Structures are given as structure tokens and as C-alpha cells.
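K.L.:
Give me coordinates for this.
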Amino acid sequence: MYVVKHRWEGVAHSALHCWSENQKKLCYDGSNFLSQKLYLVSVNLLHVAIGIISNFDTSFRKACLTAAVSLPPVVYYSLFQGQRNTFFFLIDKIRTESRFKEVLNSIEVAIQKNEDPFQQIRWLWVLGMEEETSSEYNTNKSFMIEDLLSMCAQNKDKLEAAFLNVKSRFCSEVVFEEVVTSHRMLLQKYRNTRKQYINGMVSLHDKL
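P.N.:
Numbering: from 1, shown residues only. Next up, the predicted model:
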């Protein structure tokens, strides 16, 4: 059972997912498969970058309160503004500290240890937020690693350029209000999934 991220790291991943899904709806025309694959791989690399930064920056590990809706309007407005400032502070961190070579090195180390380099974003897929992407891009661990290695061998310069472009556009275009809505939906999906999981375990226990 995966645990949804209530910390700012999780919100950053949700924000990138929300932004990337909107970009696909606006820009995908099916005419350039390589460009689409470069884009999808770059988004996943940026997810890895967020995970790397979060491991060393305690700001990403602090609790996020954007889903706290049962508050008096004045209190919620003050909280919302504070959370918005924190969000864009972290976005600036992503802008300045996400490094292509560091991400590739991290993935290489994970592969050598037989670990999943994309563990940071599995919870997004498990909660059903990647249904559209899954139909366009195989999210199987082995396939993703093989595809990334192939991309690095054949189009490394293009991949780095795509990564830098995705990072720049995401940090410039992400909309906090859309992220808040997306994150609340994610939390609701988590609650529903967790409830189903618990009910299934209880039902299984009763049958034993």
C-alpha cells in the first residue's frame, strides 16, 4: 500500500503532474513521436530531481496544509497566502537546483543497486493519476529504464535540452490554485483507495 505525500515534496510532484497533463492536452498532435518521448522522459527526470532536492532540503519535508478547508474564511485566506509563498519558494529551489547530470547519476546509482529510480512517482500512478500517460508511455520499471538508457545513448544532448526546457516552463507556468485543486483530488483518491484497501483486508481476515 503506497502512502500519499502530505508534505511539500508530494505537492511539488502533484504540481509537476498537473502541469504536464495540461501541457499534453494543449500540445500533443501525434506528429512527432521523438519530441513527445523526450518530453515524457524529461518530466520523469524532473520528478527524480525533485526527489533528490527533497532528500537534502528540509523545506520539502515540512507538512503542507493546502487541503485544510474546514477553517474560518479569514484564517484560511491567511493560511492560503502563506502556503502560496512557500510553494513558489520551493519552485525557485527546483528551478535553481535541478541538474540534469545529477539526475542521471542518481538513476545510474539506483540501477546499480537494483532499486527503482522512479519510486518517487509510483504513488501517483497507483492512485490512478497517470491513466492517460500510461496509455501513451509504458510505466513498467524495466521498460522505463531501458528507454531512458536508449535515449541517453542516442539523443543525450536533445534529452538534456528537453529537460532544461521542461524545468524552465514548469517553474514559470505552474499555477498554484490549480495545484491546490489537484492535490485535494489526490487526497480524496488516497482516502478512497485506503478505505478500499482496509475493507479488503478486513474482509479477507473474516474469511480466514
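K.L.:
does Asn114 count as helix, strand or coil?
P.N.:
For Asn114, the assignment made with DSSP: H, G, I helix; E, B strand; the rest coil gives coil.
K.L.:
Renumber starting at 21 from here on
P.N.:
That works, and once the first residue is 21, the last one we named lands at Asn134.
K.L.:
what about it, how many neighbours?
P.N.:
Asn134 sits with 6 neighbouring residues when counted by other C-beta atoms under 10 Å. To be clear about C-beta, it is placed using only N, CA and C from the backbone, and glycine gets the same treatment.
K.L.:
before we move on, what about Leu110?
P.N.:
Neighbour count of Leu110, defined by other C-beta under 10 Å: 23.
K.L.:
Just list the residues touching it, thanks.
P.N.:
28, 32, 79-80 (C-beta atoms under 8 Å, 6 or more residues apart in numbering).
K.L.:
And these, which is closest to Glu180?
P.N.:
Of all these, Ala32 has the smallest distance to Glu180: 21.3 Å, by C-beta to C-beta.
K.L.:
follow-up on the earlier one: who wins on neighbours among the contacts of Leu110?
P.N.:
Counting by other C-beta under 10 Å, top hit in these: Ala32 with 28 neighbours.
K.L.:
And the pLDDT for that one?
P.N.:
You'll see Ala32 listed with a pLDDT of 93.
K.L.:
ok, now Glu180?
P.N.:
The per-residue pLDDT reported for Glu180 equals 96.
K.L.:
in what helix or strand does it lie?
P.N.:
helix 161-193 (DSSP states H and E).
K.L.:
helices or strands up against that helix?
P.N.:
helix 28-47, helix 53-76, helix 93-117, helix 120-132 (3 or more C-beta pairs under 8 Å, 6 or more residues apart in numbering; DSSP states H and E).
K.L.:
Compile these into TSV and extend it with columns for distance to Val199.
P.N.:
Below are these laid out as TSV (distance: least, C-beta to C-beta, whole Å):
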stretch	distance to Val199
helix 28-47	4
helix 53-76	13
helix 93-117	7
helix 120-132	22
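K.L.:
Let me know which of those is the nearest to Ser192.
P.N.:
helix 93-117 (8.4 Å).
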